[in-house]
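# Output the structure for:
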Amino acid sequence: QVQLVESGGGLVQAGDSLRLSCEASGRAINSFTMAWFRQAPGKDREFVAGITWNSGRTDFADAVKGRFTISRDNAKSMTYLQMNSLKPEDTAVYYCALRWKPIVSIPIQPNEYVYWGQGTQVTVSS
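Sure, this is the predicted structure:
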């Protein structure tokens, strides 16, 4: 079993930045893709960003390209989402997720990910 715990969410104004962190425990995650998803009220959970096991590849949703970056530190079992130039439409609960398959790809479908954190709220005011 793997436990994922997100932190770093909060209430910010449009244009501000936040850095989300995801700490994994239980088993080593350094062979697997990590991703961030978000879910706004009344909407489906959507892919935000993903990173392969060795940070060799990243992928981003069109809505966040150029504003968000994703990184990981396998030695610390940490994954990060740096969010810059935040907009009100970025308001959502953000989840980190682990794909428990040793395949170098970044799926955008939530059902490809086995382990999930509890989420952290990000609220961007205008």
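# quick one: the strands in this structure?
In the chain, the strands defined using DSSP state E lie at 3-7, 10-13, 18-25, 34-39, 46-51, 58-60, 68-73, 78-83, 92-98, 115-116, 120-125.
# Mean neighbour count added to the ones you listed, as a markdown table?
For the C-beta atoms, the positions are set from N, CA and C on the backbone; glycine is no exception. Conversion of these to a markdown table gives the following (neighbours: other C-beta atoms under 10 Å):
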| stretch | mean neighbour count |
| --- | --- |
| strand 3-7 | 16 |
| strand 10-13 | 13 |
| strand 18-25 | 19 |
| strand 34-39 | 24 |
| strand 46-51 | 22 |
| strand 58-60 | 17 |
| strand 68-73 | 19 |
| strand 78-83 | 22 |
| strand 92-98 | 23 |
| strand 115-116 | 18 |
| strand 120-125 | 17 |
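# residue contacts, the residue nearest the centre of the chain?
With the centre of the chain defined as its mean C-alpha position, the nearest residue by C-alpha atoms, centre = their mean is W36, 2.0 Å away. Contact criterion C-beta atoms under 8 Å, 6 or more residues apart in numbering gives 20, 22, 48-50, 70, 79, 81, 94-97 as the residues in contact with W36.
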